[in-house]
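Chemist: Provided below for reference: sequence and predicted model.
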Amino acid sequence: MADKAADNMAVAAGGDDNGHGGEDEVLEAPVRGSADELLDAGAHAPIDAMRHSTAHVMAEAVLDLFPGAKLGIGPAVENGFYYDFDLSRPLTPDDLALIEARMAESVRADHPFVRREVGFDEGRKLEAEAGQAFKVEILDDLAKKAVEAGGPMPPVTFYEHGPFRDLCKGPHVESTGRIGPFRLLSVAGAYWRGDEKRPMLQRIYGTVWETQEQLDQYLWRREEAKKRDHRKLGRELDLFSFHDVAPGAAFWHPKGWRVYQTLRNAMRELQDRRGYEEIYTPPLVHQKLWERSGHWEHYRDGMYLVDVEDQWFSLKPMNCPESSFIYRSKLRSYRDLPLRLSEYGVLHRNELSGVLSGLTRVRHFVTDDAHIYVRPDQIAAEIEGLMGEIRESYSWFGLTPTLTFGTRPDKALGDPATWEETEALMRGELERSGLAYREKPKDGAFYAPKIDIQVTDALGREWQTATIQVDRLMLPERFDLSYIDEAGTQQRPVAIHRAIYGSLERFIGILVEHFGGAFPLWLAPVQAVVIPIADRHVPAAQELAAELRAGGVRFVEVDDSDNRMQNKIRLAQGQKVPYMLILGDREVEARSAAVRKRGAGKDVPQEILPWAELAARLGEEIRERRLG
RNA sequence: GCCGACAUAGCUCAGCGGUAGAGCAGCUGUUUCGUAAACAGCAGGUCCUCGGUUCAAAUCCGAGUGUCGGCUCCA
């Protein structure tokens, strides 16, 4: 923990993670895999008791099939359970089927779960004799804790069913027969106690539910999530690709880049309205800047270094230090504030190879970053403005943001009274914003309280997008920022780090999955396809396309292939194009088009609209960023 | 980075010691068609890379790279 805190202390201006991939600086992370946590398998809700019981049954099956297997821990988790094992060989998917079959036998046998409590020494002896080294370790930790607390040795509880016994706090279902329909899902490596220095165990994940219907529903949701996987849709919709010559960096295809630009332009339009000014600073920056910001000392491993004439430069992992150079490029008056500098800077972070994943975890990305320099008395008003920006921009996607307010951690820098003052301001604005928020005490950055933005997508999955931090210390102090107040004296400004989308890459990944590739008209890379029924209708189709473009529908295609109309419809459908406009003799004659709208059911009567009206309607739908 | 799995045509996949296959997409030709796949032909591959075993390797072994599922990390 101490090391971790030290790292964070040194991050200096580096505070704004701005939502790239994730999380915050955890100063007070719970000790993972602590003995208490290990024993208390999280089985509190009734369904969790069943999930945890299923984990026991799975351990029984594994022990049966792999004599000598050592058991790690096996808690209930969201939607299911897992159990960690140390086995003589790697598991294969075929093994899962075998284990499942063996589990089914145990369920049929309907063994009762029996709780047994013994003295500490006897319990430890039982596990030691069984060769369960990990369990012994858990017990020794418990004993150590008891000694430290000056208390007596705790008793040890086991749960037994049939031939199987496990160190466990419970609770469990009555008997194995009470276990509902289950399915083993996957095998993965997991460090013992989450510590990369400890042995790697094999973790089997499974899911179990009260009813077959619930299991089917869950498996369906998994399938649906797979179908919406942005990596798959990105290929199918020709949005982007990845190549081994640049791991962790997307190659944006024309259609993907349309989405990217549309998204960025929407934010630029909002920022113009809100008085932001856009800047651009160099991506390659000298070592001395990173020394000053603290990155050099503590994040060098995560930075891409470039040797230029025997001097070290780094591709920037964040924008804020450079933003401060522009702030300091001239003397600032209190009248200049708030100064809102936005930047779509190209950032590089050398993420570990194993964590890369599509657009959601990349090494090269761009954030809709901004640094807002304000006087202390302007903080509240600025936050209020930011809350409005968040509410508005997320409404473009039909997403409801949830905010998480992280307050002063124990190891915070600076004066607690100042912290409390800032927090009170922020809390007040959170309340007033009407947005849903939860407070996570002590979850702020060590130099600034922060607000994280999360969204829940159409499948109910939560994603972290961006972060707002009210920084009165790091950027202002480390980079010695000042302004001249009414009295002519130097004052420190406050720097608000903020992003709304966070990483554009990640945000597009989320949107692709949220919409399942069916982007609303304003965001769609192909907004309309004009489908001439026969070749003789092609010239009219071109005319219609031109009229639509003139009306503000930028991305219109004419399918003049010699496919039959049916196939053209099928292809456009597969590309999830919002509007198909079909032209045959009747329509050309009347200068109209048959409108086939994406998602409209068969029972909806088809509209035939004049070209001019179509252009006007679609143009309006785009300008208003309607969701369709 | 760690554990495991995977890598064959643009895509989805089959082949698993004996000179590389399908469907879709592509190209060419025919077809000009009324709301989710017209017909025919052609072309397309250092079987991820490097090394090894073997008379013979897409296939077996090793290393590397990338991807996927997790773990750890995430300024």
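Modeler: Right, received. Where do you want to start? Numbering: from 1, shown residues only, chains lettered A, B, ... in the order given.

Chemist: any low-confidence regions in chain A?
Modeler: Under the criterion pLDDT under 70, the flagged ranges of chain A are A:1-45.

Chemist: Which of the helices or strands spans the residue of it most remote from its centre?
Modeler: Distance from the centre of chain A peaks at residue A:589, with 51.5 Å (CA atoms, centre = their mean). In this structure, residue A:589 sits in helix A:585-590 according to DSSP states H and E.

Chemist: What helices and strands are in contact with that helix?
Modeler: strand A:607-610 (3 or more CB pairs under 8 Å, 6 or more residues apart in numbering; DSSP states H and E). Using the backbone N, CA and C atoms, a C-beta is placed for each residue, glycine as well.

Chemist: gap between the helix holding residue A:589 and the chain center?
Modeler: Distance, stretch centre to chain centre, for helix A:585-590: 49 Å (CA atoms, centre = their mean, to the nearest Å).

Chemist: can you tell if the next helix or strand after it touches RNA strand B?
Modeler: Using DSSP H and E, the helix or strand that follows helix A:585-590 in sequence is strand A:592-597. Yes - interface with RNA strand B: strand A:592-597 contributes A:594, A:596 (CB under 7 Å from any atom of the strand).

Chemist: What helices and strands are in contact with strand A:592-597?
Modeler: strand A:579-583, strand A:607-610, helix A:611-623.

Chemist: Mind listing what's buried along the second one?
Modeler: When neighbours are counted by 16 or more other CB atoms under 10 Å, the buried residues of strand A:607-610 are found to be residue A:609.

Chemist: how far out from the middle of the chain is that strand?
Modeler: Counting by CA atoms, centre = their mean, strand A:607-610 comes out at 42 Å from the chain centroid.

Chemist: repeat for the longest one
Modeler: For helix A:611-623, the gap between its own C-alpha mean and the chain's C-alpha mean amounts to 35 Å (CA atoms, centre = their mean).

Chemist: could you say what helices and strands that helix packs with?
Modeler: Against helix A:611-623 (3+ CB pairs under 8 Å, 6+ apart) you get helix A:538-550, strand A:592-597.

Chemist: Could you dump the ones you listed into a markdown table with mean neighbour count added?
Modeler: Formatted as a markdown table, these follow (neighbours: other CB atoms under 10 Å):
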| stretch | mean neighbour count |
| --- | --- |
| helix A:538-550 | 18 |
| strand A:592-597 | 19 |
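
Chemist: Quick check: bridge partners of whichever residue of the stretch 151-300 of chain A sits closest to RNA strand B?
Modeler: Residue of the stretch 151-300 of chain A nearest RNA strand B, by CB to the nearest atom of the strand: residue A:189 (2.5 Å). Beta bridges link residue A:189 to residue A:202 when assigned by DSSP bridges.

Chemist: how many neighbours does the nearest residue to residue A:598 once chain neighbours are set aside have?
Modeler: Leaving aside its chain neighbours, residue A:598 sits nearest to residue A:578 (4.8 Å; criterion: CB to CB, 6 or more residues apart in numbering). Per other CB atoms under 10 Å, the neighbour tally for residue A:578 reads 24.

Chemist: a strand runs through residue A:260, doesn't it?
Modeler: No - counting by DSSP: H, G, I helix; E, B strand; the rest coil, residue A:260 is not found in a strand; it is helix.

Chemist: How about residue A:398: what's its closest non-neighbour residue?
Modeler: Take residue A:398 and drop its neighbours on the chain: the residue closest to it by CB to CB, 6+ apart is residue A:627, 5.0 Å away.

Chemist: what sits against residue A:111?
Modeler: Taking CB atoms under 8 Å, 6 or more residues apart in numbering as the criterion, residue A:111 is in contact with A:161-162, A:175-177.

Chemist: and if we set it to 10 Å?
Modeler: A:56-57, A:60, A:160-164, A:175-177 (CB atoms under 10 Å, 6 or more residues apart in numbering).

Chemist: how many neighbours does residue A:181 have?
Modeler: If we define neighbours as other CB under 10 Å, then residue A:181 has 15 of them.

Chemist: Residue of the stretch 501-628 of chain A nearest RNA strand B, please.
Modeler: residue A:584 (2.2 Å).

Chemist: Run through the residues of the stretch 51-200 of chain A sitting next to RNA strand B.
Modeler: So far as CB under 7 Å from any atom of the strand goes, the stretch 51-200 of chain A lies against RNA strand B at A:90-92, A:186-191, A:194-196, A:200.

Chemist: Taking these together, which two end up most distant?
Modeler: A:92 and A:195 (26.4 Å; CB to CB).

Chemist: before we move on, the earlier item: now, of the helices and strands packed on strand A:592-597, which is deepest in the fold?
Modeler: Among the helices and strands packed on strand A:592-597, ranked by average contacts under mean count of other CB atoms under 10 Å, first place goes to strand A:579-583 (a mean of 24).

Chemist: Also compute the angle for that strand relative to helix A:611-623, please.
Modeler: Strand A:579-583 and helix A:611-623 meet at an angle of 170 degrees, taking axes from the mean of the first three to the mean of the last three CA atoms, to 10 degrees as the criterion.

Chemist: I'd guessed residue A:109 sits against residue A:102; true?
Modeler: No - using CB atoms under 10 Å, residue A:109 is not in contact with residue A:102, being 11.0 Å away.

Chemist: Between those two, which is the more surrounded one?
Modeler: Legend: neighbour count by other CB under 10 Å for residue A:109 and residue A:102, higher for residue A:102 (17 against 13).

Chemist: Against which helices or strands is the host helix or strand of the more buried one packed?
Modeler: Assigned by DSSP H and E, residue A:102 belongs to helix A:93-109. In terms of contacts (3 or more CB pairs under 10 Å, 6 or more residues apart in numbering; DSSP states H and E), helix A:93-109 is packed against helix A:46-65, strand A:182-191, strand A:200-208.

Chemist: Nearest to residue A:465 among the helices and strands packed on strand A:592-597 would be which one?
Modeler: helix A:611-623 (23.7 Å).

Chemist: Between strand A:592-597 and that closest one, find me the angle.
Modeler: 30 degrees.

Chemist: which residues touch helix A:611-623?
Modeler: A:262, A:520-524, A:527-528, A:540, A:543-556, A:578-579, A:581, A:583, A:587, A:590-593, A:595, A:607, A:609-610, A:626-628.

Chemist: Could you rerun that using 6 Å?
Modeler: Applying CB atoms under 6 Å, 6 or more residues apart in numbering, the contact partners of helix A:611-623 are A:521-522, A:544, A:547-548, A:551-553, A:591.

Chemist: That helix near RNA strand B anywhere?
Modeler: No - using CB under 7 Å from any atom of the strand, we find that helix A:611-623 stays clear of RNA strand B, coming within 13.6 Å at best.

Chemist: what angle sits between that helix and helix A:538-550?
Modeler: Using the same axes, to 10 degrees: helix A:611-623 against helix A:538-550 is 40 degrees.

Chemist: just to revisit the earlier point, weed out the non-buried ones from the contacts of residue A:111.
Modeler: A:56-57, A:60, A:160-162, A:164, A:175-176.

Chemist: Looking at these, spot the one nearest residue A:379.
Modeler: residue A:56 (53.1 Å).

Chemist: Can you read off the backbone torsions of the closest residue to that closest one other than its chain neighbours?
Modeler: Among residues not flanking residue A:56 along the chain, residue A:166 sits closest, at 5.6 Å (CB to CB, 6+ apart). The phi/psi pair for residue A:166 (degrees, to the nearest 10) reads phi -140, psi 140.
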